[in-house]
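Q: Kindly return the folded structure for what I paste below:
(chains A and B)
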Amino acid sequence: MSEEETHNAPLAPEAKPEEINASCRGPVLFLFFSAALWAVQATGVGLLGSLKMHVPGFLADFSHLTYGRLQANAWVAFLYGFAGNAGMGLTLWMLSRLRGMPLAKPGFVLAGAFLWNSGVTAAMVGITMGDQPGVAGYELPAYASRVLLIGQAFIAFSAIITYFSRRHQQLYPSSWFLIAALVAFPWIVGTAHWLLVETPVRGAAQIPVAHWTVTSLQQIWLGCMGLAAILYFIPKITGRELYSRQWAAFGFWMLLILGGWVNLNSGSPLPVWSIKLSQYASALFIFVLIAIGWNLRQTAKGVPLLGSSDLTLQCMGFALGAWLITALFTFGNFYSDWNGLLQFTYAGTAMRQFFAWGFFAMAMFGAVYYVAPRLFSGEVDWACSGTYKWIFRLTAIGAVVILLAGLGMSYGHGHALQDGSAEVMKKALMPMRIAFLGEILFFLSSLIFLGSMACLLFRNCCGECSPMALIRKCRAAEAEGGAE
Amino acid sequence: MNKSPWIFLGVLFALSLSWWGMVFGPASQANAAKADLGDGTSLHPRSGLAQQGEQIYRENGCYYCHTRMATGGTFGYEIQITQLGADKDLTREIIGEEYAGNKIFEKAYAFQAVAAAQEAATAEGADVEATKATLEQAKAYANAIETEDALIALGISGVTIEGDLAGELGLPIEMSEADKSSVADATFAVSEGIEQWDEIKDRVRALKDRAGAQFKLLPVADNWPDVEYWGARRQSVTRDFLYDVHAMPGVMRVGPDLSNVGARQLDLNALYAKIYNSQAGGQSSHMPPYKYLFNVRSAKEGEELPANAVTVSTGDGVKQSVEPDFVVTPTHKARALAAYLQSLRNDKGLPEAPLPAVREISNPKEGE
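A: You can find the predicted model right below:
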């Protein structure tokens, strides 16, 4: 991609990529490794929760391990633990590279990352103790969200300073998405914190606030970070220009405008006008889908993304496909019959999982695969690059399994609910049973991701003082001693 | 888009649109909702145990598997005549032969004729012979119409027939409370209950303005799964959550919808047994047992179960502990959760969400 000059004023000198990578090394690797840890936590806890759904008596005597608490924990670990860490790490690196400047104030990032992870930990402990606010999709206790907001502010401060450190450049579209994610997070979580937890509004008024929060976190916050990665890496690896900045801009603004409106259940106990508005917003979401999808299709025309030999490109191709499918599902919510049929089934949860893992996690896995080795001086390789492919494969298969189970079988559950069928319970559980297989695959891919990150750090961190270097020295010393 | 500050401002503006539309607008409207129900009653906040129970419901994440969100459906209108007008032919023309052919309709007008003849016979200066003959003729006609729903016919006729005359017409001479209630609550449906307003508006206006009948319009669930099959009595609306500390409308229906569980589950012991072990008593369920909400101790030999012990009925009707050989009693948390669940009801109509009837035929045709 090129960053065209649009002004005659002299440009600030662009830093070398090595210099930028070096500035990002500590903070970004810390965030990536934290993300890997939280991914294992999220999938492990999620598996445990799902197991309780299939074997109701499993761990039933432990009040801290109810299905509701485990599900809340799993989503918090994914959303703030994995997605927050990985997304912000990537944001910092991409902004630095796109602006051509070293990361500003890396100490702030480290402090923010520490606070951020403390906040997620506090949330996990709080939920386990029964302190969740009762909003599925936003389960942060008050104290956890305060720490998260402060932590994000520290990280965002560094990102913003980096962003403004070099001007007179045409901004690449990924920058817009990243900046939007940085601005959207405190707005969304701040709103939820104040109106749902800190000084809760009346019960009836909490429902629209909760919906906006949950939808915005997914569509706007996660959506912007994931799409920024896709828009950056597909042109970069294919060596092509982004097909159209105008299409990208149209998709960007439409996503921001519509992202908080969509996917409201037609049966929600809310004023009819807000349900109708949500349906119209879902209908308009087709423009976001077309703008992003068409632009990237034209960019990568003739290049088989999934069939590529480049793992990052494969990941980005799958992530793009997953995002398009969830966008199509969002568009489908325009039809009230469709929405009404699936609203109380596993379909919504399945689509959230598909979005989270098929789109976001996949984009992050691909991005980390590209970025992490470059953060070390001299560009190192992944220790066992073959194992990293399994992250892609397992996540992809798991996401497809959950998608098929969630949509296909929830259809039967929806019909059973509408027909008063005696088999409603069986039909409710069937998609969850199938999806359990997908969750196992996510867990395995998370373990491999954590192992790969650990291996990378083990071999390459701290230069000559890395654990692997020390082991090699010890072995060499032993060998010399033996020879003597 | 080259100027960085514009991106910031644009993002803020774009986000503010959905914030105003999905947060500020609906939340302001919901916040302004009144507790007054318009009929002299009002909604009340939960208090005591039920309020504490909301916390137990929340901290255990019950809302992941249960909704509190009865959805809307479609309903038709059943026109229920409560008192017929005086003009039989006009009423027949308006409601159509399909309903006018019902014996209740004929009987009701026969009662009207008897009452009119009786009044004429007792009027001052009446022709005794002529009125007596008319009365006898009216009585004979009324008695010739055989129907088991004579009290309903009497109720919708709008006349009062008592004493010996009632006896002569096959009506109770001394009405019991049940009989009086049948008469007072009598209705005669003149639509199927599946018609929409546009289909019946002309009939309604004619009954009111031309025939002088009194009637009510009853919404009847036509395609309304939550009301027809899942125990809700009406659609859940914003005001159902007015006083919730934490509104938890729910995510999935792995378990049943709880919007009206308080009206369905009146037996507290059964509710405790369900929470303790939903499979107790051989019931099929996938709800996990919440045994940690109960005190459990070994039962001594020959010990009688205390009054607050959680029990289930065996096949032969004998009550036994929900956990054989143990005494299970609810903790404060279990009592609070049960109180909260019993506070969840939507069996009272609201102006914005009237109670529909579950579809059944109000006046079955003869032979049905």
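Q: which residues touch residue A:76?
A: Taking Cβ atoms under 8 Å, 6 or more residues apart in numbering or on different chains, we find residue A:76 in contact with A:120, A:123-124, A:127, A:139-140. For every residue, glycine as well, the C-beta is placed using N, CA and C.
Q: between those residues, which has the most around it?
A: residue A:140 (31 neighbours; other Cβ atoms under 10 Å in any protein chain shown).
Q: pLDDT check: weakest of the contacts of residue A:76?
A: The lowest pLDDT within those belongs to residue A:139, which sits at 91.
Q: mind putting the contacts of residue A:76 in a markdown table, secondary structure and distance to residue A:428 included?
A: Conversion of those to a markdown table gives the following (DSSP: H, G, I helix; E, B strand; the rest coil; distance: Cβ to Cβ, whole Å):
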| residue | secondary structure | distance to residue A:428 |
| --- | --- | --- |
| A:120 | helix | 31 |
| A:123 | helix | 28 |
| A:124 | helix | 28 |
| A:127 | helix | 24 |
| A:139 | coil | 22 |
| A:140 | coil | 28 |
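Q: Which single one of these is nearest to residue A:162?
A: residue A:120 (23.8 Å; Cβ to Cβ).
Q: ok, that closest one touching residue A:83?
A: No. Applying Cβ atoms under 8 Å as the test, residue A:120 and residue A:83 come out as separate, 10.5 Å apart.
Q: Tell me the residue of the stretch 1-150 of chain B that sits nearest chain A?
A: Using Cβ to the nearest Cβ, the closest approach of the stretch 1-150 of chain B to chain A is made by residue B:61 at 1.3 Å.
Q: Now that residue, what are its backbone angles?
A: phi 70, psi 30 (degrees, to the nearest 10).
Q: residues near it, how many?
A: Neighbour number of residue B:61 under other Cβ under 10 Å is 25.
Q: Touching, it and residue A:67? I think so.
A: Yes. Between residue B:61 and residue A:67 there is a contact under Cβ under 8 Å: 6.5 Å.
Q: Report pLDDT for the closest residue to residue B:345 other than its chain neighbours.
A: In space, and not counting its chain neighbours, residue B:345 is closest to residue B:262: 4.0 Å by Cβ to Cβ, 6 or more residues apart in numbering or on different chains. Residue B:262 is assigned 92 on the pLDDT scale.
Q: Which residues are in contact with residue B:262?
A: So residue B:262 contacts B:341-345 (Cβ under 8 Å, 6+ apart).
Q: Can you tell me which residues in the stretch 1-150 of chain B are near chain A?
A: B:1-2, B:4, B:7-8, B:10-12, B:14-15, B:17-19, B:21-23, B:25-31, B:33, B:58-65, B:67, B:69-72 (Cβ under 8 Å from any Cβ of the partner chain).
Q: Show me how to select, in ChimeraX, the buried members of the residues you listed.
A: To isolate the buried members of the residues of the stretch 1-150 of chain B next to chain A in ChimeraX, using 16 or more other Cβ atoms under 10 Å in any protein chain shown:
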select /B:1,4,7,8,10,11,14,15,18,19,21,22,23,25,26,27,29,30,33,58,59,60,61,62,63,64,65,67,69,70,71,72
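Q: Quick one: low-confidence residue ranges for the chain.
A: Here I'm looking at chain A. Along chain A, the model assigns pLDDT under 70 to residues A:1-12, A:167-169, A:378-379, A:385, A:462-464, A:468, A:482-484.
Q: my bad, chain B
A: Along chain B, the parts satisfying pLDDT under 70 run over B:1-3, B:359-368.
Q: if I look at the closest residue in space to residue B:23 that isn't next to it in sequence, how far off is residue B:163?
A: Using Cβ to Cβ, 6+ apart and skipping residues adjacent in sequence, the residue nearest residue B:23 is residue A:212, 4.9 Å away. Taking Cβ to Cβ, to the nearest Å as the measure, residue A:212 falls 69 Å from residue B:163.
Q: These two - which one has more neighbours?
A: The neighbour count for residue A:212 versus residue B:163, taken as other Cβ under 10 Å, is higher for residue A:212 (29 against 10).
Q: which secondary structure element contains the more buried one?
A: When elements are assigned from DSSP states H and E, residue A:212 belongs to helix A:203-216.
Q: I'd like to know which elements that helix is packed against.
A: helix A:173-192, helix B:4-19, helix B:25-31 (3 or more Cβ pairs under 8 Å, 6 or more residues apart in numbering or on different chains; DSSP states H and E).
Q: What residues of the first one count as buried?
A: When burial is assessed from 16+ other Cβ under 10 Å, helix A:173-192 yields the following buried residues: A:173-189, A:191-192.
Q: give me the subset of those touching chain B.
A: A:175-176, A:179-180, A:183-184, A:187, A:191.
Q: Pick the one among those closest to residue A:217.
A: Of these, the one sitting nearest to residue A:217 (Cβ to Cβ) turns out to be residue A:184, at 8.5 Å.
Q: In this structure the closest one contacts residue A:222, no?
A: No. Taking contacts as Cβ under 8 Å, residue A:184 lies outside contact range of residue A:222: 10.0 Å.
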